[in-house]
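In: I'd like to go over a predicted model; first the sequence, then the structure.
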Amino acid sequence: MDELSLIIESLINSEIDDMILDLAYEIHSSIKGIPQEQIQINNFENKKTSIEKQTCICPNCGQTNLIAIRFAYHLAKCLGAGRQSSRQAQRRIVDQIMIITDSDENRSNGNHFYKDMETNSISEDGSSCTDSTSSTITLTSSHKTHLRISNEDKDYIDDFDNEEEEEWKPKKKKQRVTNNKNKNKKKKDVLLVVSPATTKLDFPNCIIPFNKLCPVATRTVIPLVPLPISSMTSNSDKIFFKSQQVSSLPSESSHYFVQSPLNLEYEIDKTLGIKGPEDVAKMGIATYNDHCRKIVMRYAGEWEEIVERMGRWIDFRRDYKTMYPWFMESVWFIFKQLYEKGFVYRGFKVMPYSMGCCTPLSNFEAGQNYKDVDDPAVWVSFPLTLDPTVKLVAWTTTPWTLPSNLALCVNPNSNYVKILDKAKNEIFILMEKRVADLYKKPDAYQVLETFKGSTLKGMHYTPLFPYFANISTAFRVLCDDYVTEESGTGIVHQAPYFGEDDYRVCLANGVFNKDSGPVVCPIDAQCRFTDEVKDFQGLNVKEADKVIIKHLKEAKRLVHQSVMKHSYPFCWRSDTPLIYRAVPSWFIRVEGMVDRLLANNSKAYWVPDFVKEKRFANWLRDARDWAISRNRYWGNPMPLWMSEDGQEIVCVGSIEELKELSGVSVDDIHREFVDDITIPSRLGKGVLRRIPEVFDCWFESGSMPYAQVHFPFEGRKTFHDTFPADFIAEGIDQTRGWFYTLLVISTALFDQPPFKNLIVNGIVLASNGEKMSKRLKNYPDPRDIFEAQGADALRLYLITSPVVRGESLKFKKEGVRDVVKDVFLPWYNALRLLIQSCDQIKIDKKVQFTYDEKRLYSSMSLNTNVMDTWIVSYTQTLLDFVKQEMNAYRLYTVVPRLVKYIDMLTNWYVKLNKRRFKGETSMEDCLTSLNVLCYILLTMAKLMGPFTPFLAEYMYQILRKLMPQSSTTSEQDLSVHFQMMPQSQETLVNKTIERSVAAVQTVIGLGRTVRERKVVPMKYPLPEFVIIHKDASVLKDLESLEDFVREGLNVRKVTLSQDRELYGVEMRTEPNFPTLGKKCGAKVKSVTEKIRAMTDTDIEKLLSKGEGVSPLTVIDDVPIESEDVHIVYRVAKQTQYEATAEQGFVVLLDYKADASLIDEGLIREITSRIQKLRKEAKVKKTDDITIYYSVEPQTSEIARVASAKRGEIEVILEKPFRPLAEKDQSPVVIEKKLPVKDGEIEFVITRKS
């Protein structure tokens, strides 16, 4: 299976934790200021042996042609999956090869990148084309493809090349039919990982700073069947462990695989057709576990490609798995500590049980997969022994438990009634408050007697089935307060081995004795009825429901039946319904440490906080003892050796201790190696044998902080230096999983939380809101997403979604596409404009641009250009914000701000400075503007590196070409991912300019709103724009920026004023009914009238209160907030102005243009259409072309302007503009008829050969 297929498969049923862990960590570690000397960079110059050519031979089995990067995994598996084996294997080859690809092809220089950007285009299928017929663009560096962008956004890509100003903001694109001309073309990889293959660097050894300030993160799991759309996350019980976060391993980056026995064994059982324990017994545990081991090793190797494809750099040469003996040994040690502290006990309890996996589950596992299902509901009669004409009526939604019925239970304090069923002519007893549920019509029954439930206590009844009729203590009425008045009949049937309350009540009332007496549990491991229940033998319990109901009907014991829709637990792994059954299990006492759990939880910092205070804290308050044993085969065997009578138990805490007690030495402690080992009894009870259970995989996960360093056998100092973890991240469902088990074990052992900071992520759902399911195929094929938009787009889509706030996301592939359109394209276009401008001044002015940091500081100190000062200052504000928010782990605030910054850069700074970039002002001004743009893009690449690693790296490598040679020779400069997070520079901050530009953006936005309201396109200039604000200092700030307002709104004159009355602007208030109606009720009419009656003075008083005042006013005892009213501005006089207002600004736009302005607008209409045709035809500026035109009707205004203003149009186009009648014989490049305002215009462009 190729790497893309694997990543697709790995993305389902997930929360967003994995990628969040990556992103937050990478920024966090940079912010902490890790010393540069701690970034280990290999000297790759002297190691040019290609990994594709270097192979190894296994010294153990002799297998040849092993690619080097696979060699360690093979040898580890071959020698028994030991960590040391893997390390030794790496040491043997480390001097021979470098796990990198270093090709001279990758060493491009000169203007190669610039050429790529000029000649390439963007195709829908992503192929790289340079021929004149292609409409595609692929960002390339040398022979490596980095990014492909959809042809769907071709118009948007060209926005920055327009010589005329279009709409101020990007227009929303209409849906277009996809161009399928490249449909059958072979597709290339969308985004190659910035990895050894593309950068010639050994990333795991280069970018991983080991420092105590770095967060120590979590574990990673290997899903048996990799599932989709969590490319940045893992399955609900799995986390990919970020290698940088193992600060406990200062010389290594580690990768941690947790292999859940349920994961692996369920897959093996399906593959091999194993139905139950007897099939495993025939095969043998050793053979069975070998199959499991093979799956682990197979997927471990393939996951290397997956995580690299996702943009994560991990040193797999130092991975570790829960199946490694040294890891398992630490788990034994942890368990022994708990055992000796008295936390471990063996009990016979009713537990959630998976019929698919044939094992009990813990209570928190049972809560992970609830579904709404339809179950049969039956009302069944139980005749009293003393008077068979009187029948107790019980209700149940689990008919399959009725053959195991041993008692009935009532609430002693509730009222019960004896009634006559008139239709059936039978006497029934049930709770008084539940009669109406069975009888919808009051006249269907007659109440004969009323009494307390306690009256029924001890009464015997006739069993439903004869299977267990010989149990003398059974088949009587019991009393308990757990019987409620909310459901059923108030009489609960008791099957003690299939219900927790049933078990408790029957045990307390002597129906059975847990140490002796019959066990009424007539089902096998697969939940099929045994021969104890002959009528239903071999039937699965759920399948038996209908047969049992039929039997009850024939026996005339069925009073009524229906179907009930309710929420029911399913196995999180096999997706089969859970049942509750009594099984012997080993438990950890949790109920007694609830107060300590809550106290330790309060010490940790959670994001978002509500998960800590509500969801997790509530779960802890109701914590139950934890069942840690599983009746399975693959997993860590519980290290308990017990005598045959169960009276002598020895808990083993290490491999060495096992050798001392048994005399047997082992290297592996899986079941096949230790099950047959016996320990001599110290009490003369013969030999002790190991119990058959293995640990719940959650116990291994909860032991990860200790076992990852083989504590206490190794790594004592490392553990104590790095515990508790600085930072972990996982999905919200882990409040009942990993977060919980980590806290339980750390509290029991050390009485402290296992983590300092924790990010909780929400769940990615299918587009219809259902849980993603491979079986249902209710998610888009992620391969299509990667092919069309790439991993960066998916990453950014997910981390700008509600998931990072702990909420759910309905996944929509259109959202991924929008990331490319709204974020990547504008960002890339800014870079392309920089490169094109540099090339242009080199050709036209013979000036080679080189980035100069000193020039940046100099220009900022002189404040030579307001927009330069603004964007640089705004960048410093952004850097401060990112640092502040990432230190608080609020990822959900950071990425939206970064996206907004890209908008500010591309739609404001770039568009307002294009003339400067092209050298149309002065060369000094041009170089200054290019220097600022280069600084901004360089900073953005560093900031976006953790979020969009591929595109950030690609852009960084292009920008490196613009830097002085002396500043790009250090090893840290080789990649954007070796850079520390840029820090803000106080000397570059100018808050006054930031405020002024923010004001400009506000008024331009208001002006555009008025243009849209009056349907006046931006191409058409207008006479005047009036800005009114009562604060003179605000207007003063705008004075120096009037030119930007004029240009941004295409107006001839900008007027600043404090006098609203001078222009006849009036205000009125209108109610906002959607919010006001809810709070007013019957008063809505009166409140509405009084709101509309407000005078200008009243409104001014409201506005003067400012933001944050609540309420603004009170009308008829109803508090009025700012969202309850709309303030509408209008010009009272009949003038040419249209008004609107926001944030204290009132603006007026004179929308009535004179003839000269109309002509100017029509000229821009013509030239704009021609420029787009030139782009479509790929006409170069230097081509000798002539543009011909023809307008219909000839009497239209645009026909008049085309003829009368030909000279002006030719000056703008810098090409001849002639009537079509004058066309010569030159070859036609393009011709097209286009609709215009009052007619149609035809253009024909010819080019002389």
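Out: Everything's here; your move.

In: domain assignment for the chain?
Out: Following automatic domain parsing, one gets these domains for the chain: 3-103+196-319, 105-176+812-989, 328-349+590-761, 370-569, 993-1061, 1065-1132, 1155-1247.

In: Can you add distance to Glu1142 and mean pLDDT and give those domains back as a markdown table?
Out: (C-beta placed from N, C-alpha, C; glycine too.) Supplementary listing: the domains of the chain in a markdown table, determined by distance: least, C-beta to C-beta, whole Å; pLDDT from 0 to 100:
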| stretch | distance to Glu1142 | mean pLDDT |
| --- | --- | --- |
| domain 3-103+196-319 | 34 | 46 |
| domain 105-176+812-989 | 16 | 71 |
| domain 328-349+590-761 | 31 | 90 |
| domain 370-569 | 47 | 90 |
| domain 993-1061 | 6 | 89 |
| domain 1065-1132 | 10 | 76 |
| domain 1155-1247 | 26 | 91 |
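
In: Make JSON lines out of these and add distance to Pro802.
Out: Compiled in JSON lines, these are given as follows (distance: least, C-beta to C-beta, whole Å):
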{"stretch": "domain 3-103+196-319", "distance to Pro802": "10"}
{"stretch": "domain 105-176+812-989", "distance to Pro802": "8"}
{"stretch": "domain 328-349+590-761", "distance to Pro802": "10"}
{"stretch": "domain 370-569", "distance to Pro802": "21"}
{"stretch": "domain 993-1061", "distance to Pro802": "27"}
{"stretch": "domain 1065-1132", "distance to Pro802": "22"}
{"stretch": "domain 1155-1247", "distance to Pro802": "39"}
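
In: residue boundaries of the strands in the stretch 251-400 of the chain?
Out: 256-258, 320-321, 344-354, 359-360, 370-383, 390-396 (DSSP state E, counting those that start in this stretch).

In: got it, and the stretch 751-900 of the chain?
Out: With DSSP E, counting those that start in this stretch as the definition, the stretch 751-900 of the chain shows strands at residue ranges 757-761, 764-765, 809-810.

In: What of the stretch 951-1100 of the chain?
Out: In the stretch 951-1100 of the chain, the strands defined using DSSP E, counting those that start in this stretch lie at 1022-1028, 1051-1057, 1065-1071.

In: Now do the buried residues in the last one.
Out: Residues of strand 1065-1071 classed as buried: Val1065, Met1067, Arg1068, Thr1069, Pro1071 (neighbour count, 16 or more other C-beta atoms under 10 Å).

In: which one is the second one nearest to, not counting chain neighbours?
Out: The shortest distance from Met1067 to any non-neighbouring residue, by C-beta to C-beta, 6 or more residues apart in numbering, is to Ile1099 (4.8 Å).

In: doesn't Ile1127 make contact with that neighbour?
Out: Yes - proximity of Ile1099 to Ile1127 meets the contact threshold set by C-beta atoms under 8 Å, at 6.2 Å.

In: Between those two, which contacts overlap?
Out: Common contact partners of Ile1099 and Ile1127 (C-beta atoms under 8 Å, 6 or more residues apart in numbering): Met1067, Arg1068, Thr1069.

In: Just name the closest of these to Arg632, please.
Out: The shortest separation between Arg632 and any of the shared contacts of Ile1099 and Ile1127 is 69.8 Å, and it belongs to Thr1069 (by C-beta to C-beta).

In: between the domains of the chain, which one is nearest to Ile799?
Out: Comparing the domains of the chain by their distance to Ile799 (C-beta to C-beta), the top pick is domain 105-176+812-989, with 5.3 Å.

In: returning to that earlier point: output the strands of the stretch 251-400 of the chain in TSV, with mean neighbour count and distance to Val910 appended to each entry.
Out: Compiled in TSV, these are given as follows (neighbours: other C-beta atoms under 10 Å; distance: least, C-beta to C-beta, whole Å):
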stretch	mean neighbour count	distance to Val910
strand 256-258	24	44
strand 320-321	25	48
strand 344-354	19	58
strand 359-360	25	61
strand 370-383	18	51
strand 390-396	23	70
